[in-house]
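# what follows is a predicted protein model with its sequence.
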Amino acid sequence: MRACFSKHVRLLKPDEFSRVFKNPVRSSDRYLTVLAVARDEVKIENSDFGSRLGLAISKKNAKRAVDRNRIKRLIRESFRQNQQNLPAIDLVIMAKPGTKSAKNQQIFQSLEQHWNKLAKNFKNQDV
RNA sequence: GAAGUUAGCUGGGCAAUCGCUGUGUUAUUUUUCCGUGUGAAAUCUGACAGAGAGGAAAGUCCGGGCUCCAAAGGGCAGGGUGCCAGGUAACGCCUGGGGGGUGUAAGAACCUACGGCUAGUGCAGCAGAAAGAUACCGCCUCGAUUUUUAUCGGGGUAAGGGUGAAAUGGUGCGGUAAGAGCGCACCGCGUUUACUGGUAACAGUGACGGCAAGGUAAACCCCACCUGGAGCAAGACCAAAUAGAGAAGCUGAGGCGUUGCCCGCGCUGCUUCUGGGUAGGUUGCUUGAGGCGUAUAGCGAUGUGCGUCCUAGAUGAAUGAUUGUCACAACUCAGGUUGUACAGAACCCGGCUUAUAGGCUAACUUCACCU
RNA sequence: UGGGCCGUCGCCAAGCGGUAAGGCAACAGGUUUUGAUCCUGUCAUGCGGAGGUUCGAAUCCUCCCGGCCCAG
């Protein structure tokens, strides 16, 4: 699988977002909160397997547009590199107030921990 | 060379790897249409080529284009601007000039909401006699009482005192009962007037007025000029749906839209109940009052001619990440370590305002040195 | 992205050119055996910030800062 990031691996519609917010598995640390839900079986039949990503970076937590853009880009980059390790889930990532002052490497480390944690969780559920 | 002032430009560079979003070419997957040409259209995934944040993209404070409302029409109301001339698509912007003010070692510079209180109305707490036509103290004079002092009453007076942010031109001389532009000289003042210069604002000179009662228009207002409303979530197209149906009620001088109101104009029956049901996509969307170079007119803003270039177009929202190296800054004996301003397009332009590390250039002023 | 509104004490607020009302809360005192209620007093703490107009700005004007609402 290629490490690409195009439209069909993102959450696009309000319905998809609200489905994640409704009943999520949480994973959070001081920088980010990750919400995850297993994907619908029916929809998976039509498209390819894999996880999908949605971002929710509020103006409250990162006031400047530059910061918001930076956070989103870092999350996408990390997701792109790690998506082959993830199960078929929908993710929503939210920023916390401390995120904007964190360095790029710190955010990457935080994200990797989240990926590992989620991968373990969902494998256990399947078993 | 140093310091200062002003104006303009720039906004880290290069390389490697992995990605993202448009465009073009090409291959491929799937679908649809005509109907069977290896057509047309859409779609998916690759490859290659070339492109991909700003000077403020920001604040949304002005002005325009564009779109709809009648390609906006009349009146009132409302809003805006306010020395003069020019520039511009337009402006509350810019350029040049005038008046006023600030400031420096330097008249280098900088700032300026700068029409009209003699059209009318209003306002000025406290203090003060008085804040708009004024006599508290004081000064002078007349009358009465009185030996005088003094007291009371009538009148004149704004020179002096005191209050205030502000008190009716200033100084001197004359003049007077005391005073007063009452008169004169100088200075100041001016919807007065003549001449000169200037397109004009205005400036200068002379004469005249005797100063006419002040301040405040970012107070109402008056004058002159400008101004229709809403905004790309405008609007257009495609598909679904609001449908259609039934019942009841209301009115035709009605309802809806167009601006706050009145006209005018356009569309049209309206309301409630029953029942049923929802989904978005495409376009607008980037070639423009465009950039660059050059010639030319102009003090300048800017205009004109010629040549040349095509340079983001996202939509849960692309323009990135990592590494190396160079540049700069801070720390450090060195090795090295850390950091690199303000900040992210959303229909597009012209301004203004605010934020901004560092670097570069030019002009002017003063000082120092050399010839 | 566009359009609109608001900042006055810890909270709710009036005032809109002339010394910034009032209520709640807080604090102190009184009443009471104690507490609540009630009474009296205090509240130097405030007009979001910076300029300007004015003799004088919370109020008028300009520019910023912060917050809220509406439009798919």
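Yep, that arrived. Numbers count the residues shown, from 1 in each chain, chains lettered A, B, ... in the order given.

# residue A:109 in helix, strand or coil?
Classification of residue A:109 using DSSP: H, G, I helix; E, B strand; the rest coil returns helix.

# so which residues of chain A form strands?
A:25-28, A:32-38, A:52-56, A:89-95 (DSSP state E).

# ok, which of the ones you listed comes nearest residue A:111?
With Cβ to Cβ as the measure, strand A:32-38 is the member of the strands of chain A nearest residue A:111 (7.0 Å). All C-beta spots, glycine's among them, are computed from the backbone N, C-alpha and C.

# any part of that closest one near RNA strand B?
No. Counting by Cβ under 7 Å from any atom of the strand, RNA strand B has no neighbours in strand A:32-38; the shortest distance is 10.8 Å.

# same for that strand, what does it pack against?
When contacts are defined as 3 or more Cβ pairs under 8 Å, 6 or more residues apart in numbering; DSSP states H and E, strand A:32-38 packs onto helix A:14-22, strand A:25-28, strand A:89-95, helix A:104-126.

# could those be laid out in a markdown table, adding mean neighbour count?
Formatted as a markdown table, the helices and strands packed on strand A:32-38 follow (neighbours: other Cβ atoms under 10 Å):
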| stretch | mean neighbour count |
| --- | --- |
| helix A:14-22 | 13 |
| strand A:25-28 | 14 |
| strand A:89-95 | 22 |
| helix A:104-126 | 15 |
